[in-house]
Structures are given as C-alpha cells and as structure tokens.
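Colleague: Sequence below, structure please.
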Amino acid sequence: MQTKITKLQGILLMMSTIAPTAILSVPSVVVQLSGQDAWASIIIAMLVGILFSLLIGSICRQNTQTTFVEWLRERLGSKVGTLIGILLTYYYLISVVIEMREFVNFIGENVLSRTPVYFLLIITVVVVMFGVSKGIVNIAQINVIVMPLSIVVFIVTGILLMKDIHVENLLPVWDHPLSKVVHGSITPFTWLLQISILLLIAPFMNKPEEAGKVGIWGIVLTCIELGIIVIAAITIIGTKLISIMSYPTFYMIGIIQIGSFLERIDLLFISIWICMMYVKMSIVMFATFHCFVETFRIRNQQPFLIGFGLFTIFTTLYAWPKSVDLAYFSKTSLIPYAVTFNILVPLVVWLLLRFIQPNPMKAGK
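Modeller: Numbering: from 1, shown residues only. Sure, this is the predicted structure:
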C-alpha cells in the first residue's frame, strides 16, 4: 500500500488545487483588463508564481520529518506554531466554503436548476468529507485518474474547436499598455498563490525536499492550460463578448457540434469538471482539517470530522445566501484575503526561520 505522495502525484495535486476554479473566472476577468493581450498577463502571472514557488520550496526543504504545524512548534516555539496553525485553519476553512458555494451555485444555475441548493450542498460535503477521511495519499491516487482524464478531454475539445478559430482576433499584439497587462495578471496570480498548500502537503511526499520543483511544475502546467483556454476563447468568441460572460469556457465548449448526432459536448466537460472540483475541495478540506487537528492536537478525529462537515454546510448556506453576495465578496475582498494568507503568512514564516536559530536541545530530542 502506498503511504507517500510521489512527485508526479504532487504536481497533479497542485494542478487540481488551482485549475478547476481558475478556468471558470480567469478568462473573463483577464480579457476584460488586457483584451487580446490576455495571454501576456498569464505569462507574467506564471513568472511571478514561479518565484513564489521558490519561496515555498525553501521552507519545505527545512522540514522533512514531521507535519508543518508540529515542525513550527519545535522550530519557532509553541505559541508561534499554534498561532500560525489557527490562521491557516481559518484561511482554508473559509476557502473551502467559498469554493463549495461557487460549485453549488454553478451546478444549480447551469445543470440542475430544479434541485434545491441545500441538497446539492449536502451531497457535496458528504463526498468531500469521505475523501478527507481517507487521507491526502488516497486523494492523490484518485487525482491521478481524474486529472489525466480531464487533460484528454481538454485536448479533444481543442481539436474539435479548431474550425471555429479566428486568429485575427489576437491582433494587434501589445495593443494595451504594460500597466493594463500587469493589472490583468493579478487575478491569475491570485489563483496561483494556492500553491502555498504545499507547506502542508510536502511532509506527506516521499521527497519533501522536491516540493519547490513540484510547485514550479504545477504552476507552469496550469498556466499553459489557462493560456490555451484564454487564447482559444479570444479567437473563437472575441474579446467583447468574453468580457460580459460569466463562464466563457463552458460557452465555448457548448458550441461544438458534429453533424446532427454529436451535440452538447459541454455536458461531458462539465462531468469531468465536477470530478475535478470534488478533488479540489477534498484537498482544501484536508488542509483545513489537518491544520485543525495538528494545531489543537486532536486524538479522536471522527467527531470533529462530522462537526466540520455540518459547520461547512450551514456556513456555506448562510454566509452568501445569494449569488450576487458571493460575486461582490470575490470582487472586493477575495484578492486581499488570498494575498494576506498565501503571501504574508509564508513570508513571515520564512523570515522567522531566517532569524531564529534552531534550539539544539529540541533538535537533539
């Protein structure tokens, strides 16, 4: 039985942590700001994301033996380790609530419009909590099936869409000022910041010292996927329509039709996307529950796992009762929230590790 995550599984986990939600929101936001130069915004976000991965990797290389929160307790002191554990628990809990709300909103509006939201949410939480109960290694093994399958569907979809491509939509190149292109890179970079979850996952890898490389490959491959989606959307739909669409990726796939016998390919894509979302939410919920258990040193985890599931259901239902409430939060607060916990917290940890020397007595123990 496999007990550790391999490098390939780690890369696929990072892709699944970022891509499923990013392919929904990134194209319309980036094109709205950068127009036909949106591809350049993705490249800028990728380059900055690689630098961020190096920071995460430098922290992961120092811890190859124990869980992240426990290591911080030993390395920086009990109070600092506990405080960071509480902050990360809060961050990942709110993150998974946001993702679940976005997921059930999309399914309720576009697939199962007559199904009550609370029923969709209960099913989602049950599936996610079951995955969490099996551990991150099992989630990684399932993801090895889901992610390659999604890539195959992605490639086939791209081939079927080639006849609708209008390359002239990408012209003129660099028509927007650099400030606009950089501004357009902020949203995709915000999604790439989720690579910081490697701090928690690295101890479960068979080679934790390679976490930085895993993060870099995860970001590069995800940005290639996002870049292709953005370019395809621009050349097929056009910048003006993309800017006013909520989900241009699914609209683009929905236009595929082969004769009169093959239609509604978007339903196949949505089916794969649902599997990807279940994996993503399981990863983030695992991070939430793992931080909670390690921070408060919980021994009997099962009651708390059920409690977390119930708390997630009620919070998701009542925090943003309407889709417009979640949209407003995403536009006004999501970026500062993500930057605070994904950049500032790891940066503070990195600085503390630089200036606080290891305790020889603790190291000996």
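
Colleague: can we go C-alpha only for contacts and neighbour counts from here?
Modeller: Fine.

Colleague: residue contacts, residue 277?
Modeller: 16, 20, 21, 103 (CA atoms under 8 Å, 6 or more residues apart in numbering).

Colleague: Mind doing that once more with 7 Å?
Modeller: residue 20 (CA atoms under 7 Å, 6 or more residues apart in numbering).

Colleague: Can you tell me the element it falls in?
Modeller: Element membership of residue 277 [criterion: DSSP states H and E] is helix 265-296.

Colleague: Pull out the buried residues from whichever helix or strand comes after that helix.
Modeller: Proceeding N to C from helix 265-296, the next assigned helix or strand is helix 302-319, under DSSP H and E. Under the neighbour-count criterion of 16 or more other CA atoms under 10 Å, helix 302-319 has 305, 308, 309, 312, 313, 315, 316, 317 buried.

Colleague: Export those residues to JSON lines and append columns for distance to residue 144.
Modeller: Listed next are the buried residues of helix 302-319 as JSON lines, based on distance: CA to CA, whole Å:
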{"residue": "305", "distance to residue 144": "25"}
{"residue": "308", "distance to residue 144": "26"}
{"residue": "309", "distance to residue 144": "25"}
{"residue": "312", "distance to residue 144": "27"}
{"residue": "313", "distance to residue 144": "28"}
{"residue": "315", "distance to residue 144": "31"}
{"residue": "316", "distance to residue 144": "29"}
{"residue": "317", "distance to residue 144": "31"}
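
Colleague: Residue 306 - nearest residue in space that isn't next to it in sequence?
Modeller: Sequence neighbours aside, residue 129 is the residue nearest to residue 306 in space, at 8.0 Å (criterion: CA to CA, 6 or more residues apart in numbering).

Colleague: how many other residues sit next to the one you found?
Modeller: Number of residues near residue 129 (other CA atoms under 10 Å) recorded here: 19.

Colleague: element containing it?
Modeller: Per DSSP H and E: helix 117-134 holds residue 129.

Colleague: What are the buried residues along that helix?
Modeller: 117, 120, 121, 122, 124, 125, 128, 129, 131, 132, 133.

Colleague: where's residue 287 relative to residue 214, distance?
Modeller: Using CA to CA, to the nearest Å, residue 287 is found at 17 Å from residue 214.

Colleague: Please apply the same query to residue 282.
Modeller: 19 Å.

Colleague: Throw the buried residues of helix 302-319 into TSV and include distance to residue 148 and pLDDT, thanks.
Modeller: TSV is the format used below for the buried residues of helix 302-319 (distance: CA to CA, whole Å; pLDDT from 0 to 100):
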residue	distance to residue 148	pLDDT
305	30	92
308	30	91
309	29	92
312	29	92
313	30	92
315	33	91
316	30	89
317	32	87
